[in-house]
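Visitor: this one's structure only:
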């Protein structure tokens, strides 16, 4: 089944403890992206990647890192999480590096709580 | 950060009625606009990708139009059904090939049986 898989789905952790949220897609998509969703603010793009080893900042990249060493994986790294990073996170992918003319396929979301 | 606005923020519609809502975006240098449907506790699902001024797209009872010169897109739902209850999101794709997406905050639609 074609899908975008995020892990974990839920995580409660403490300030400063490094964490990684994994994202994997099995559709051979070139474009991958991370979003956070906060009440009243909608989905905001954190980072995106147009292909392997090509990543770029979205609108809210501060406090996050990403890497794209393989086509299928696009992990989101929080080196020193803080409470303001408590949010619902979505990973998404689309077929071509030109994400504009192809819709995004979203994972099921990861709910992070940073205490 | 580009401004993408959706209105209204929320909407209650009687089952069987038709409805529409708006996504406004910068009219200069348009590249593409996406519409997504997002049900509670699920992930957003793509409805339409709009790229050309005057585009009209349809999927069942849902359709969308695009006016890039004035910077808006309408989403229409004909004969609303309870399963149409969801948040509808539009996403503006930045021009100049950098492939950033900026989402609006969504229109939350509730269908009253």
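Guide: Noted; the coordinates are in hand. Given the structure is predicted, the values throughout are model-derived calculations rather than measurements. Numbers count the residues shown, from 1 in each chain, chains lettered A, B, ... in the order given.
Visitor: list the contacts for the residue of chain B found nearest chain A?
Guide: Residue of chain B nearest chain A, by C-beta to the nearest C-beta: residue B:46 (3.1 Å). All C-beta atoms are positioned from the backbone trio N, CA, C, and that covers glycine. Residue B:46 makes contact with A:103-105, B:34-36, according to C-beta atoms under 8 Å, 6 or more residues apart in numbering or on different chains.
Visitor: So what sits opposite it in the bridge?
Guide: residue B:36 (DSSP bridges).
Visitor: Return the per-residue confidence for it.
Guide: The model reports residue B:46 with a pLDDT of 94.
Visitor: got the residues of chain A near chain B?
Guide: Residues of chain A lying near chain B by C-beta under 8 Å from any C-beta of the partner chain: A:31, A:33, A:35, A:40-45, A:48, A:50, A:56, A:58-59, A:90, A:97-109.
Visitor: on that earlier part again, by neighbour count, which of the contacts of residue B:46 wins?
Guide: residue B:34 (28 neighbours; other C-beta atoms under 10 Å in any protein chain shown).
Visitor: I'd say it and residue B:93 touch.
Guide: Yes: counting by C-beta atoms under 8 Å, residue B:34 touches residue B:93, with 7.1 Å between them.
Visitor: any residues in contact with both of these two?
Guide: residue B:101.
Visitor: Quick check on the residues of chain A next to chain B: which are buried?
Guide: A:31, A:33, A:35, A:42-45, A:48, A:50, A:58-59, A:90, A:98-100, A:102-107, A:109 (16 or more other C-beta atoms under 10 Å in any protein chain shown).
Visitor: Straight-line length of stretch B:47-67, end to end?
Guide: 17 Å (C-alpha to C-alpha, to the nearest Å).
Visitor: For the lowest-mean-pLDDT helix or strand in chain B, which outside residues touch it?
Guide: Every helix and strand of chain B was ranked by mean pLDDT, DSSP states H and E. The lowest is strand B:101-103, at a mean of 88. Applying C-beta under 8 Å, 6+ apart, the contact partners of strand B:101-103 are A:33, A:35, A:42-45, A:48, A:58-59, A:99, A:104, B:1-2, B:4, B:34, B:89-94.
Visitor: Identify the residue spatially nearest to residue A:76, adjacent ones excluded.
Guide: Leaving aside its sequence neighbours, residue A:76 sits nearest to residue A:21 (C-beta to C-beta, 6 or more residues apart in numbering or on different chains; 4.5 Å).
Visitor: Go through whichever helix or strand the one you found is part of and flag the buried ones.
Guide: Secondary structure from DSSP states H and E places residue A:21 in strand A:19-25. For strand A:19-25, burial by neighbour count (16+ other C-beta under 10 Å) applies to A:19, A:21, A:23-25.
Visitor: mind giving me CSV with the residues you listed and columns for pLDDT and distance to residue A:77?
Guide: Below are those laid out as CSV (pLDDT from 0 to 100; distance: C-beta to C-beta, whole Å):
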residue, pLDDT, distance to residue A:77
A:19, 96, 8
A:21, 98, 8
A:23, 98, 11
A:24, 98, 15
A:25, 97, 18
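Visitor: Show me the two of the residues you listed that sit farthest apart.
Guide: For the buried residues of strand A:19-25, the farthest-apart pair by C-beta to C-beta is A:19 and A:25; their separation is 20.6 Å.
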